[in-house]
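Colleague: here you go, sequence then predicted model.
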Amino acid sequence: MEITFRKYQPSDKKAFIRFTEENREYLMTVDDENLLTIEKGYGKVYAEDYLKKAKDSGGEVLIAETGGRLVGCGVGTIRLLTDKEKLRYNTENYKMGIISDLFVSEECRHHGVGSKLIHEFEKFFKEKGCKYSRMEVFGKNEKAHELYTYLGYGEYAEDLYKRI
């Protein structure tokens, strides 16, 4: 399977909205606490939010395609420190790229698309002077955890929760 990667283009909007919705629908299947939902308009609102965050941070939304068909995407943002945060973090090391909302269409999973998308983001982040690449992943998404660990990502901080 020949996969090519490129920056998001306005003509990708419909597919990107669909991927945003499909990603959420998948996450809902692994959410055993039933905290996630998807309401009417979710895809459009969140797709626009992802595009804005990427643009405002100097990041990118990357698209994976094969044979002219879009098969995956991801959102990459550049995390810069605020003046307040500079008081508590090492500013020489902290510039990092953050990969979020990585999605590969079901029929193309287990063909290396996700791994290749991640490598494309890592190259982009290096070009932007980032020293680290961070993944955002839903805690219950075990398949994603396995992939990211395999690619060398490890835990640094973790959110824990408890029903009360």
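Modeller: That came through, no problem.

Colleague: which residues touch residue 52?
Modeller: Not one residue lies near residue 52 by CB atoms under 8 Å, 6 or more residues apart in numbering. Placement of C-beta: from N, CA and C, glycine included.

Colleague: the protein: helices as residue ranges?
Modeller: Using DSSP state H, the helices found in the chain span residues 13-30, 42-57, 113-127, 142-150.

Colleague: and these: which comes nearest residue 70?
Modeller: Nearest of the helices of the chain to residue 70, taken as CB to CB: helix 13-30 at 4.4 Å.

Colleague: elements contacting the closest one?
Modeller: helix 42-57, strand 60-66, strand 69-79, strand 96-104 (3 or more CB pairs under 8 Å, 6 or more residues apart in numbering; DSSP states H and E).

Colleague: turn those into TSV, columns for distance to residue 125 and mean pLDDT.
Modeller: Shown next, in TSV, are the helices and strands packed on helix 13-30 (distance: least, CB to CB, whole Å; pLDDT from 0 to 100):
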stretch	distance to residue 125	mean pLDDT
helix 42-57	11	96
strand 60-66	10	96
strand 69-79	7	94
strand 96-104	3	93
